[in-house]
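Novice: predicted model and sequence below, questions to follow.
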Amino acid sequence: MNSPHQAGGSARIEHLVTSGVFELDGGSWEVENNVWLVGDDREVVVIDAAHDAEAVLAAIGDRTLRAILCTHAHNDHINAAPALAAATGAPIHLHPADEVLWKLTHPTHPPGRHLAHGDELTVAGVRLTVIHTPGHAPGAVCFYVPELGTVFTGDTLFNGGPGATGRSYSDFDTLVTSIRDRLLTLPDRTAVLTGHGASTLIGAEAKSIDDLLAGPR
């Protein structure tokens, strides 16, 4: 684990990588997922409780877990969420448009709270603003933390361009429109911390999205 970003106060971002299987539409793929913690020495939130609840609990340590935030409900981003919630008492937050995907993995354990575009959550003195970015999944969201100059994009935007489409409940045009209208409006130097793989910057991804929009379809 590392702490790549820290605010002027005590809030910081911590990073954990977990491994498991992504399953959808009858297929399965071995994947590594980024799990992000935002907080300080007393309290944190977890973004995308993937694969290994025990590893996430170890990263939290003796701090209070305020919330488990889901960027979307593909199984590899939520499969450890109920166990983490049971161990800590923290509520699980999900956009309601992704409940159809959630139920594929957790049919008897609904998420506890709904996310909506524009919602704000606070931890360790910093605000996480919910940005609804449908396309990779209907209820996909990103979490923008202006005090840390960071946006957590799940599988909406990666280093190199938009997330995958072509599977159930996804749509390419919707995804690119979400990125253009709701992410590329953020400052160019905003760090993009993704659901898989390396981080990037909003400004670095703007040209790839512009090329997609300008190219033949």
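Specialist: Received it, and whenever you're ready, just let me know what you need.
Novice: regarding His196, what is its secondary structure?
Specialist: State at His196, reduced to three classes by DSSP: H, G, I helix; E, B strand; the rest coil: coil.
Novice: show me the contacts for it.
Specialist: With Cβ atoms under 8 Å, 6 or more residues apart in numbering as the criterion, the residues that contact His196 are Val31, Glu32, Asn33, Asn34, Asp155, Phe158. All C-beta atoms are positioned from the backbone trio N, CA, C, and that covers glycine.
Novice: buried ones in the one helix or strand Pro82 maps to?
Specialist: Counting by DSSP states H and E, the element that carries Pro82 is helix 81-88. Within helix 81-88, the residues that qualify as buried by neighbour count (16 or more other Cβ atoms under 10 Å) are Ala81, Pro82, Ala83, Leu84, Ala85, Thr88.
Novice: who are the packing partners of the helix or strand following it?
Specialist: On the C-terminal side of helix 81-88, the nearest following helix or strand under DSSP H and E is strand 92-94. The criterion is 3 or more Cβ pairs under 8 Å, 6 or more residues apart in numbering; DSSP states H and E, and the helices and strands that strand 92-94 contacts are strand 64-69, helix 81-88, strand 113-114.
Novice: quick check: what element follows strand 92-94 along the chain?
Specialist: Proceeding N to C from strand 92-94, the next assigned helix or strand is helix 99-105, under DSSP H and E.
Novice: kindly export that following helix (C-alpha atoms) in CSV.
Specialist: Provided in CSV are the C-alpha atoms of helix 99-105 (Å, rounded to 0.1, in the frame of the first residue of the first chain):
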residue,chain,number,x,y,z
GLU,A,99,-29.0,-2.5,-8.5
VAL,A,100,-29.7,-4.8,-11.4
LEU,A,101,-26.0,-5.6,-11.6
TRP,A,102,-25.7,-5.7,-7.8
LYS,A,103,-28.3,-8.4,-7.6
LEU,A,104,-26.3,-10.7,-9.9
THR,A,105,-23.7,-10.9,-7.2
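Novice: which helices and strands does that helix pack with?
Specialist: Taking 3+ Cβ pairs under 8 Å, 6+ apart as the contact definition, the neighbouring helices and strands of helix 99-105 are helix 75-78.
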